[in-house]
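**Student:** Quick one, what's the 3D model for this:
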Amino acid sequence: MSLPSFSLEEENQVSNGDKVIAWDFKGNEILIKNMYIQTLSGKEAIKNKIIKIIKTDKAFASIYKNSSYGIDRLSILGKEFYSSKTKVEALVEDMKNQIKKILGVNDVLSLNSKMEDSVLTISFTVDTIYGVVEEVLNV
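**Tutor:** Numbers count the residues shown, from 1 in each chain. Purely as a prediction, here's the structure:
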């Protein structure tokens, strides 16, 4: 399936009444139901955008190569926790800064990382205009 390209500004526009395309993160594709592209709004739209930032790898998504969108997972993949700890901390700080730019986000209340067996787990709690959004992800 060929996807249309969007600018970073278009990607981050979430406000009252706006809808965003629903993304199936397990299948890594747009969510389609009964031949219709599914959309999200409100709290779920913002949560979708946060997860998309965290799961987007700059190195593999050519649309984002010249932007600050996404994270640089290649800098930590396959590395021991102690050798990549400062890189993980830098990634988490980068994620926080990107999440704060999403319209509708009031504050990043917490964004924590845990590296175990070369698997990075990110948990976040974000205050939005729609209420608090929380999630735990393996990146």
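
**Student:** switch to C-alpha atoms for all contacts and neighbour counts from now on
**Tutor:** Noted.

**Student:** Pull out the buried positions in the helix or strand harbouring residue 120.
**Tutor:** Assigned by DSSP states H and E, residue 120 falls within strand 119-128. Across strand 119-128, burial judged by 16 or more other Cα atoms under 10 Å covers 120, 122, 124-128.

**Student:** again, but for stretch 92-101
**Tutor:** 92, 94-96, 98-100.

**Student:** possible to save those as a markdown table with secondary structure, pLDDT and distance to residue 36?
**Tutor:** Listed next are those as a markdown table, based on DSSP: H, G, I helix; E, B strand; the rest coil; pLDDT from 0 to 100; distance: Cα to Cα, whole Å:
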| residue | secondary structure | pLDDT | distance to residue 36 |
| --- | --- | --- | --- |
| 92 | helix | 88 | 35 |
| 94 | helix | 87 | 34 |
| 95 | helix | 90 | 31 |
| 96 | helix | 93 | 33 |
| 98 | helix | 90 | 30 |
| 99 | helix | 93 | 28 |
| 100 | helix | 93 | 31 |
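
**Student:** that older thread, next helix or strand past the strand holding residue 120?
**Tutor:** strand 131-138.

**Student:** Just the angle for that following strand relative to strand 119-128, thanks.
**Tutor:** Interaxial angle, strand 131-138 versus strand 119-128 (axes from the mean of the first three to the mean of the last three Cα atoms, to 10 degrees): 170 degrees.

**Student:** partners of strand 131-138 in the sheet?
**Tutor:** For strand 131-138, the paired strands and their directions (DSSP bridges) are strand 119-128 (antiparallel).

**Student:** quick check: mean pLDDT across the partner strand?
**Tutor:** For strand 119-128, the mean per-residue pLDDT is 92.
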